[in-house]
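A.B. asks: dropping a prediction and its sequence here:
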Amino acid sequence: MGIVAFCPNGHRINVKDSFAGRKGLCPTCGAKFRIPAAESAIAAVGSALPTARLLELAPAVVATLPRVLPLDEPAFAPASALAPLAPPPPALHPVLAERPDLTWCIAFPGGEPTEPLPAESMQAWLDAGQAEGTEVVWRSDWPEWRPARDVFPDAIP
């Protein structure tokens, strides 16, 4: 499937899944960065896409579909036999949680701002450790951009 990552300067890079967690080099500007795990990259980029969300939900939906049972098999399985549901999404940073309905943008030094992102994608960006503190962020209810280090002081090293 591949991972979509962003270098510190905001360049979008498509990387093979086998490079998840390794250090990478941006082919555009030569900046070094850590390639996020495939799961966090999907959360960061894919959560904005309805198709990706449907694919995440597909196993749970298929599990709820009725199936034809042989006559000697019980119609209902005990709760202990059911597959566990996916874990709940990670908790949002307090700034993200105060208005999770608003969109965000990130601008990297010397790069273009990202497309609008949902709060879950911002949380995935913070969780992936890609934030360095030199970026500026904007929320749709803010009149101006703010330094990421000021907005997320406890989440950025």
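C.D. replies: Nice, thanks for sending it over.
A.B. asks: chain neighbours aside, what residue packs nearest to residue 123?
C.D. replies: Take residue 123 and drop its neighbours on the chain: the residue closest to it by C-beta to C-beta, 6 or more residues apart in numbering is residue 92, 5.2 Å away. Heads up, the C-betas are built off the backbone N, CA and C, glycines and all.
A.B. asks: contacting residues for the one you found?
C.D. replies: If you count contacts by C-beta atoms under 8 Å, 6 or more residues apart in numbering, residue 92 has them with 100, 119-120, 123.
A.B. asks: pLDDT score assigned to it?
C.D. replies: According to the prediction, residue 92 has pLDDT 87.
A.B. asks: and it, which of the three is it?
C.D. replies: coil (DSSP: H, G, I helix; E, B strand; the rest coil).
A.B. asks: what about this structure, any weak spots by pLDDT?
C.D. replies: 1, 38-90 (pLDDT under 70).
A.B. asks: picking that back up, as JSON lines, the contacts of residue 92 with neighbour count, distance to residue 33 and secondary structure would be great.
C.D. replies: Compiled in JSON lines, those are given as follows (neighbours: other C-beta atoms under 10 Å; distance: C-beta to C-beta, whole Å; DSSP: H, G, I helix; E, B strand; the rest coil):
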{"residue": "100", "neighbour count": "12", "distance to residue 33": "27", "secondary structure": "coil"}
{"residue": "119", "neighbour count": "21", "distance to residue 33": "23", "secondary structure": "helix"}
{"residue": "120", "neighbour count": "17", "distance to residue 33": "21", "secondary structure": "helix"}
{"residue": "123", "neighbour count": "26", "distance to residue 33": "19", "secondary structure": "helix"}
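A.B. asks: tell me the one of those nearest residue 149?
C.D. replies: When the contacts of residue 92 are ranked by distance to residue 149 (C-beta to C-beta), residue 123 comes first, at 16.6 Å.
A.B. asks: hang on, isn't the closest one packed against residue 95?
C.D. replies: No: the pair residue 123 / residue 95 is not scored as a contact, 10.1 Å apart, by C-beta atoms under 8 Å.
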